[in-house]
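Participant: This is the structure alone, sequence omitted:
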């Protein structure tokens, strides 16, 4: 009995004190947005299989990602809400986009297939404002003739944590609805006039999946992976579009990355007949001054791999990979701004 | 008049008996339902992969929670390693040396207060002390948060168990000329060892099911626990994030992990009961 | 341990032992002091900004930097109250059933089962609440309650399945095993001779239960209730899954809300603005004061009960 105890104590101390995997370097830690979590986790998985370098990405929300990278508790943070240049300067951070995706309103109405429900920008805003309360509201019925809308109350599902997805979504609502602009505004966490809060894109998707009569907003990959019904939105050109990689690409086509300092660009409500109105890029934040140069280089190598070799995986999940021109801009920024002990970390 | 009274009282008695039986059945049924759900959904997740493989991204099959299981064992083990000696010795002090002093009374009050601290506050506290200051999440911080919860329980249990040992035994040892420390070690501690082991088992069992203290300290990781100065995989935080996710395979794994923890806790509790019974 | 031919006991060894034990005891005090001072220090900015008005302010806007604890405190109180309203009578009846009505063949295994259930991690209850109970609530129980209530504002709102009522019910189930075990112990402390005297006078079982057992063990039952209250108030996991995470006050039990613990669990790791963090710690400090106060009251009450009934301690 005593020997068993001594043995287990020794084992615990042994495993705790030493490194179990001596071959691979220490895992790179990142945390933040749940928007790109499906693609980041796939990329990290593939990258470890290819190179052996481990990447631990925790989906805690854009707000969490910004907090943790500012506190330097992680190697990189991820946020869909881009930081402004003065905030970047103050925190000593470098920001760059990784991938583009779409935020999609999803509904759970049994019997109504995905893409059937049509919403105008005003209707969408009214639903989330709580002024349109029922699915069989006259305005909804007028927009969707021939659709059998149930006589149920609308249950709005939004985010309970600080979210870049919320930022993109409210940015769009702020642009298209003066009432939303006046009452709520746009931020990572707003004072929601109605609804229930879910944690992360995962939480919102789970709530919508479980309860009938719900409407929420999630990044498109979540809608696809969990077979949630998306809605059609009327875009700036007056056309009804369904979310798809084609409509995200159309929205991203006109983006002027070169002219945006800190890559701080917003892709909502873009012109174009096929554009999805709630498109957005998601960003990575790293410290300007890196303590460990080798570790920083390993981290940037991962991002380089994702940008150059990860396009196919991204497209499979309906994310829009960055165009080559933008990749060059991003890597030029790395070269110019990310330093360790005075020297540039990249290439 | 008397006969009616008795009949009425008998009726009331019968009604209340039925109500009591019914309420008992309802309550017990609800609890049994919960256990049944855990077993049904959890055991369907059990597979060789579940116990041996690392987690895979959502949608990729064949993932498991082996790293989280190891992580929970490590974190709980480390927490026990830290809190058991301190808790035991503090309990020894209170039982053997501190029967009357004001210092001992203060320690007892502090122990009671610490026992009432919600586990999430423990996590907030350790985050402030060990994560924000040192600049990274770590398994060590998680273990400390767990140890914080175990410590007052162990102090209290140790004191209670040691006080059960009759004073006459101590006096006999001392009368024979044995030094105080040997009396404590060889007579008192040895005499109370079954109760002490029970207390340790229950404290460890309780803490292994805790999620809140680990949320902001050890976070989580999809890899094997290597160096504990990093986010460390563990079952409870995994359950939390997997269960709140919309991915079916992750939800199934969350149930599996939940069942595993429940089984572990139940096994430890049963062992504790058997130990006490065997006394 | 031979008596003769042995060297005399060394007072130094004893002194070292006592000092070591004393140091460990001191560490408990140090730990508490550290905990209290850290929480106090970290919550100071929020205390300075909001003062005691924090407690009844309903604001919660990370954008404008206005924070208030009212919705969290009221959610904590509401869910705990619902839990107690259900768990106290249920635990009394189950304990009564086990002690008085059930034959030993039933009461012993059921008693063991109840004690084992008290050890089940609370996250299990949260998961069961979200996946099994919430759909049930949303489809059957909530519409039924709304019909019974006849449009009362207590049951207003869409039946989402999650919300303050669901959280309260799940909490009730969570504290039920623990409270039943304590109440059963209290009931079994009632001296048989008193009960037999009552039976001898012709009392029915129910009358003995109400006028003898309950009256005798009232203090202990109250203590058990207070202990259950203490556990429910600080509970995080069982509640966070099903309460809906909304910083809004609402009369309706169907509405989502939050508790102090669920707010901390959801928002702590992402709060970056110092006032935000400080407000969250302020919330935590309030929770700490409430739960410690309750635990302390429960323990001193129960200690008085045990002393009265002549238990070994």
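Facilitator: Structure received. Just so we're clear, the structure is a prediction, and the values are computed from it rather than from any experiment. Residues are numbered from 1 along each chain as shown, chains lettered A, B, ... in the order given.
Participant: can you pull the contacts of the residue lying closest to residue A:200 once chain neighbours are set aside?
Facilitator: Of all residues not flanking residue A:200 in the chain, residue A:34 sits nearest, at 4.1 Å (Cβ to Cβ, 6 or more residues apart in numbering or on different chains). For the C-beta atoms, the positions are set from N, CA and C on the backbone; glycine is no exception. Going by Cβ atoms under 8 Å, 6 or more residues apart in numbering or on different chains, residue A:34 touches A:59, A:60, A:61, A:163, A:165, A:200, A:201, A:202, A:219.
Participant: Kindly recompute the last result at 6 Å.
Facilitator: Residues near residue A:34 by Cβ atoms under 6 Å, 6 or more residues apart in numbering or on different chains: A:59, A:200, A:201.
Participant: Which of those residues sits closest to residue B:62?
Facilitator: Looking at these and their distance to residue B:62, the nearest is residue A:59, at 21.0 Å (Cβ to Cβ).
Participant: and the closest one, what is it in contact with?
Facilitator: Residue A:59 sits in contact with A:34, A:37, A:200, where contact means Cβ under 6 Å, 6+ apart.
Participant: Can you check the pLDDT for it?
Facilitator: On the pLDDT scale, residue A:59 is placed at 84.
Participant: One more: residue C:38?
Facilitator: Residue C:38 is given a pLDDT of 93.
Participant: tell me the SS of it?
Facilitator: Local secondary structure at residue C:38 is given as helix here, using DSSP: H, G, I helix; E, B strand; the rest coil.
Participant: quick check: mean pLDDT across stretch B:210-226?
Facilitator: Taken as a whole, stretch B:210-226 has an average pLDDT of 85.
Participant: Determine how far the last residue of that stretch lies from the first.
Facilitator: 22 Å (Cα to Cα, to the nearest Å).
Participant: again with stretch A:282-296
Facilitator: One end of stretch A:282-296 sits 20 Å from the other (Cα to Cα).
Participant: if I look at the spatially most central residue of chain B, how far off is chain C?
Facilitator: With distances taken as Cα atoms, centre = their mean, the residue of chain B nearest its centroid is residue B:206 (1.2 Å). Plainly put, residue B:206 is 7 Å away from chain C if you go by Cβ to the nearest Cβ, to the nearest Å.
Participant: What of residue A:84?
Facilitator: Distance from residue A:84 to chain C, by Cβ to the nearest Cβ: 15 Å.
Participant: Tell me where the stretch 201-347 of chain A is predicted with low confidence.
Facilitator: Along the stretch 201-347 of chain A, no part satisfies pLDDT under 70.
Participant: residues near the residue of it at minimum distance from chain C, how many?
Facilitator: Per Cβ to the nearest Cβ, residue A:211 is where the stretch 201-347 of chain A lies closest to chain C, at 5.6 Å. Residues lying near residue A:211 (other Cβ atoms under 10 Å in any protein chain shown) number 22.
Participant: Spit out the contact partners of it.
Facilitator: Residue A:211 is in contact with C:138, C:160, C:161, counting by Cβ under 6 Å, 6+ apart.
Participant: now residue C:178
Facilitator: So residue C:178 contacts residue C:118 (Cβ under 6 Å, 6+ apart).
Participant: gap between it and chain A?
Facilitator: Computed with Cβ to the nearest Cβ, the distance linking residue C:178 and chain A is 28 Å.
Participant: What's the separation between that residue and chain B?
Facilitator: 11 Å.
Participant: which SS class is that residue?
Facilitator: The three-state assignment at residue C:178 reads helix, by three-state DSSP.
Participant: Same check on residue B:254?
Facilitator: Residue B:254 - assigned by three-state DSSP - is helix.
Participant: Let me know whether it touches residue B:245 as I believe.
Facilitator: No. Counting by Cβ atoms under 6 Å, residue B:254 stays clear of residue B:245, with 8.2 Å between them.
Participant: Specify the local secondary structure of residue A:99.
Facilitator: Secondary structure assignment for residue A:99 (three-state DSSP): strand.
Participant: For residue B:48, report the pLDDT, please.
Facilitator: For residue B:48, pLDDT reads 84.
Participant: and what of residue B:256?
Facilitator: Looking at residue B:256, the pLDDT reads 92.
Participant: can you check residue C:16 too?
Facilitator: The model's pLDDT for residue C:16 equals 89.
Participant: just checking, it is part of a helix?
Facilitator: Yes. Applying three-state DSSP, one finds residue C:16 inside a helix.
Participant: nearest residue to it other than its sequence neighbours?
Facilitator: Leaving aside its sequence neighbours, residue C:16 sits nearest to residue B:181 (Cβ to Cβ, 6+ apart; 7.9 Å).
Participant: I figured that neighbour hits residue C:17, correct?
Facilitator: Yes. Assessed by Cβ under 6 Å, residue B:181 is found in contact with residue C:17 at 3.7 Å.
Participant: residues near the closest residue to residue A:82 other than its chain neighbours, how many?
Facilitator: In space, and not counting its chain neighbours, residue A:82 is closest to residue A:264: 4.1 Å by Cβ to Cβ, 6+ apart. A count of neighbours around residue A:264, defined by other Cβ under 10 Å, yields 17.
Participant: Over to residue A:264: give its phi and psi.
Facilitator: Main-chain torsions, residue A:264, degrees, to the nearest 10: phi -80, psi 90.
Participant: Just the endpoints, please. Distance across stretch A:50-65?
Facilitator: 26 Å.
Participant: how far is that stretch from where the chain is centred?
Facilitator: Its chain's C-alpha centre and that of stretch A:50-65 lie 13 Å apart, by Cα atoms, centre = their mean, to the nearest Å.
Participant: Let me know the closest of the contacts of residue A:211 to residue A:172.
Facilitator: Nearest to residue A:172 out of the contacts of residue A:211 is residue C:160 (Cβ to Cβ; 25.2 Å).
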